[in-house]
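Trainee: Predicted coordinates and the sequence they were generated for:
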Amino acid sequence: MSAWPADWLLPDWPAPAQVKACVTTSAGGVSLAPFASFNLGEHVEDQPSAVASNRQRLHDAIGCAPAWLRQVHGVQVVRADATQVLEADASYASGGGVACAVLTADCLPVLFCDRAGTRVAAAHAGWRGLAGGVLEATVQAMALPPEQLLAWLGPAIGPAAFEVGDEVREVFVAAHPRAASAFVPSRNAGRFMADIYALARIRLAACGVAAVYGGGFCTVSDPRFYSYRRAARTGRFASLVWLV
């Protein structure tokens, strides 16, 4: 990969020209190990000055201010606001100048836009938020017919690395019987390997969003990304979407 920011991954989805999106990687910042080097999370015990420098680099690169959230693995959705940090796990915007942003390191980031390019949103979907309905809440907050929406599934823990207990499987299957197909028995008795991408697609389809892209990453095995499961003391990368 080339040097920052050329190594950012651009979501491969058919979004209209006025919708811009990117996913940062761990490269190109000033944070020291174990946060090396482009950590954007303030809550991981990195040096505050390093995080501030990294965030400023991001702001300068995309040309608008990210609306950072205080993520709590819930389902709250707010209007993107770059002037304050709101407690929520998703945000939406209908104008330029601000980027909807979520921070992750194994949880699933999901970016949204509509086919006309008038609204965007970003959601943080760990398994608790996903099971609780954060994607459905984001779709509802966008206040558009779901068939007009395009979703992109960003880098998250892959199905070969995401081992969960039967209680997690039961939560998803109780809400959507089809979710049973997203779990396969682990080599460990009573445990399952979960496909968070498949679970997200099932949830999105159930609320009418059929145009879903992405979903081909694994943060645990891909060293470009921070992964909490790979190293508990680590940074956070950002997935962002905005209007120009």
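Mentor: It's in. Numbers count the residues shown, from 1 in each chain.
Trainee: Can you give me the distance of the residue nearest the centre of the chain to residue 66?
Mentor: Centroid-nearest residue in the chain: residue 109, 1.2 Å away (criterion: CA atoms, centre = their mean). According to CB to CB, to the nearest Å, residue 109 and residue 66 sit 13 Å apart. C-beta: built from backbone N, CA, C; applies to glycine.
Trainee: List the strands paired with the strand or helix carrying the residue nearest to the centre of the chain, with their directions.
Mentor: Taking DSSP states H and E as the definition, one finds residue 109 inside strand 108-114. Here strand 108-114 is paired, per DSSP bridges, with strand 120-125 (antiparallel), strand 149-153 (antiparallel).
Trainee: Can you name the element that comes right after the last one?
Mentor: Yep, that's strand 149-153 we're talking about. strand 163-165.
Trainee: buried sites along that following strand?
Mentor: 163, 164 (16 or more other CB atoms under 10 Å).
Trainee: Can you list the residue ranges for helices in the chain?
Mentor: Listed in chain order, the helices of the chain (DSSP state H) span 48-62, 127-132, 134-142, 166-175, 196-206.
Trainee: Return the most buried member of the strands paired with strand 108-114.
Mentor: strand 120-125 (a mean of 29; mean count of other CB atoms under 10 Å).
Trainee: May I have it exported as CSV, CA atoms only?
Mentor: This file holds the C-alpha atoms of strand 120-125, laid out as CSV (Å, rounded to 0.1, in the frame of the first residue of the first chain):
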residue,chain,number,x,y,z
VAL,A,120,-26.1,10.1,3.9
ALA,A,121,-25.7,8.2,7.2
ALA,A,122,-23.1,6.1,9.0
ALA,A,123,-23.9,3.4,11.7
HIS,A,124,-21.7,1.6,14.2
ALA,A,125,-23.0,-2.0,14.4
